[in-house]
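S.K.: Got a predicted structure here, sequence first:
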Amino acid sequence: MTSGPQTDSGEMDHPTLGPSVAIYDDRRGAQRHLLMAVVMAGGGVLGLLVGGNDLRTSEAATGVVLVVAGLALLLYGVTETRATAKRLGTPVRLVVGEGGFEDASVDGPIAWDEVESIGFEKVGRGQPGAVRVQLLAASEFASQHALSRQARLMLRINNGGLYLARGARMPAAAVLDLMSERFEDSRRSRKLQATPAQRIRRRTSRH
């Protein structure tokens with residue numbers, strides 16, 4: 001497949017994951033998100049200025065609320081601005097291959113044997129916007145992939161799960177089908193590889 005304007009994905013040969021599918025990013029959505037993040041950061045700065053001015057006057061309680069809210073908005077806006085700017089640096093949102101997958105939020109490819117299960121994110125209404133990947137050992141995963149403090153915190157908040165394909169051009173349902181198929185193929189392959197070794201150990205134990 002080619003990466004035309006309406007193309008959701010394209011085939012590629014990944015150096016680590018093998019034959020893979022590159023899922024493209026929704027560039028318009030990313031640009032809108034970047035604009036929103038910048039506006040929120042600007043609102044945070046405004047809140048800090050107004051709150052600081054109130055703290056110097058008699059409106060101390062209002063000033064504290066504005067400063068706290070402004071700081072929260074500023075931190076969120078700056079974090080999202082940096083993440084979205086990094087996201088705009090590549091047209092690919094997610095790579096799904098025979099050996100695992102690769103997402104821009106994590107350094108390096110993630111092997112299927114690091115995954116416990118794959119499913120939709122839990123939402124109250126509407127169609128799920130992301131695929132949830134439950135990790136087998138979150139703490140070991142964080143160390144192996146050298147996650148940042150913020151990424152480690154989000155991993156704890158998500159109970160050892162990663163949310164992928166949010167902002168991808170391909171619908172989340174199609175991404176889930178693709179990842180589930182590759183994941184199950186990997187599990188079957190590992191079982192087939194383990195069967196001969198188990199038979200050898202059983203024969204050895206009889207002697």
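M.R.: Looks like it came in fine. Numbers count the residues shown, from 1 in each chain.
S.K.: So residue 180 belongs to a helix, correct?
M.R.: Yes - counting by DSSP: H, G, I helix; E, B strand; the rest coil, one finds residue 180 located in a helix.
S.K.: residue ranges with poor pLDDT in the protein?
M.R.: Flagging of the chain using pLDDT under 70 yields the residue ranges 1-6, 123-127, 194-207.
S.K.: quick one: the helices in it?
M.R.: Using DSSP state H, the helices of the chain run over 27-55, 60-87, 138-144, 149-157, 172-206.
S.K.: and the shortest one, how far from the chain's centre?
M.R.: Here the centre of helix 138-144 is set off from its chain's centre by 15 Å, with C-alpha atoms, centre = their mean, to the nearest Å.
S.K.: Flag every buried residue along stretch 47-65.
M.R.: Under the neighbour-count criterion of 16 or more other C-beta atoms under 10 Å, stretch 47-65 has 47, 48, 50, 51, 54, 55, 63 buried. The way it works is simple: take the backbone N, C-alpha and C, and place the C-beta from them, glycine included.
S.K.: gap between the spatially closest residue to residue 112 that is not a sequence neighbour and residue 180?
M.R.: The shortest distance from residue 112 to any residue other than its chain neighbours is 3.8 Å, reached at residue 186 (C-beta to C-beta, 6 or more residues apart in numbering). When C-beta to C-beta, to the nearest Å is the yardstick, residue 186 and residue 180 sit 11 Å from each other.
S.K.: cool, and residue 110?
M.R.: The span separating residue 110 from residue 180 equals 15 Å under the rule C-beta to C-beta.
S.K.: Verify the stated contact: residue 103 with residue 166.
M.R.: No - counting by C-beta atoms under 8 Å, no contact exists between residue 103 and residue 166, whose distance comes to 10.2 Å.
S.K.: Residue 186 and residue 180: which has the busier surroundings?
M.R.: Looking at residue 186 and residue 180 with other C-beta atoms under 10 Å, you find the greater number of neighbours at residue 186, namely 18 against 14.
S.K.: so that one makes contact with residue 110?
M.R.: No - with contacts defined as C-beta under 8 Å, residue 186 does not count as touching residue 110, sitting 11.7 Å away.
S.K.: Quickly list what's touching both of those two.
M.R.: Taking C-beta atoms under 8 Å, 6 or more residues apart in numbering as the contact rule, residue 186 and residue 110 both touch residue 100.
S.K.: dump the residue contacts of residue 162.
M.R.: By C-beta under 8 Å, 6+ apart, the contact set of residue 162 is 103, 105, 106, 132, 133, 135, 155.
S.K.: And residue 108, by the same measure?
M.R.: 102, 145.
S.K.: picking that back up, distance-wise, check the residue nearest to residue 112 relative to residue 44.
M.R.: 44 Å.
S.K.: Since that was my last question, I'll sign off now.
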